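# coordinates only, sequence not included:
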Ligand SMILES: [Zn+2]
């Protein structure tokens, strides 16, 4: 089932998500819907708050732009960056900000501890685009959006561009 994606400035995008404690069929079906929604929107990642659910679940699949090093779909529950090093600058976009993209600086290599949909503990070692994508999605679980990683000026300019493309979202922002 494809879920509607919340666009900025939906307030759900700035709220922190809760830890997932129950690993049941409902969670598995939600994770499947998240993946289906991500693929149908041609995204590389999606976080639960982007479909209005404040729980710590993200899906990522960067294979469309990283075919040399295929990982396929990864579903991460309660993900946490346990170590980070290096630096990468990548032009990031976001399904909650369609039409805009901006360069963001992040650690290039991360180790992420997470749980599978079955509740098993795992570790993901990611670098490059996969690392960027996982960090971007984990930010969503903390109510942080990629525009928050920009300088004040860049943030203002990026939002101005976004509102120009989506006047209906600008109206919501003004309320
Ligand atoms: Zn995003």
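Looks like it arrived, so ask away. Being a predicted model, the structure only gives us computed values, none of them experimental.
# distance of residue 18 from residue 49?
11 Å (C-beta to C-beta, to the nearest Å). C-beta: built from backbone N, CA, C; applies to glycine.
# Have a look at those two and say which one is more surrounded.
residue 49 (27 against 13; other C-beta atoms under 10 Å).
# Could you look up the SS state of that one?
helix (DSSP: H, G, I helix; E, B strand; the rest coil).
# same deal with the one 10 residues further on?
Three-state secondary structure (criterion: three-state DSSP) places residue 59 in strand.
# Now do it against residue 86, distance only.
From residue 59 to residue 86 the distance is 24 Å (C-beta to C-beta).
# Compare the two (neighbour count), which wins?
Taking other C-beta under 10 Å, residue 59 and residue 86 do not tie; residue 59 has more neighbours (24 against 12).
# In contact with that one, which residues are there?
31, 34-35, 38, 45-46, 73-76, 137 (C-beta atoms under 8 Å, 6 or more residues apart in numbering).
# So what sits opposite it in the bridge?
With DSSP bridges applied, residue 59 shows beta-bridge pairing to residue 46, residue 75.
# Touching the longest helix seen in the chain from outside, list them.
Criterion DSSP state H: the longest helix present in the chain is helix 25-40. Contacts of helix 25-40 with the rest of the structure, by C-beta under 8 Å, 6+ apart, involve 1-3, 5, 20, 44-46, 48, 51, 53, 57, 59, 61, 73, 75, 77, 95, 117.
# Thank you kindly, that will do.
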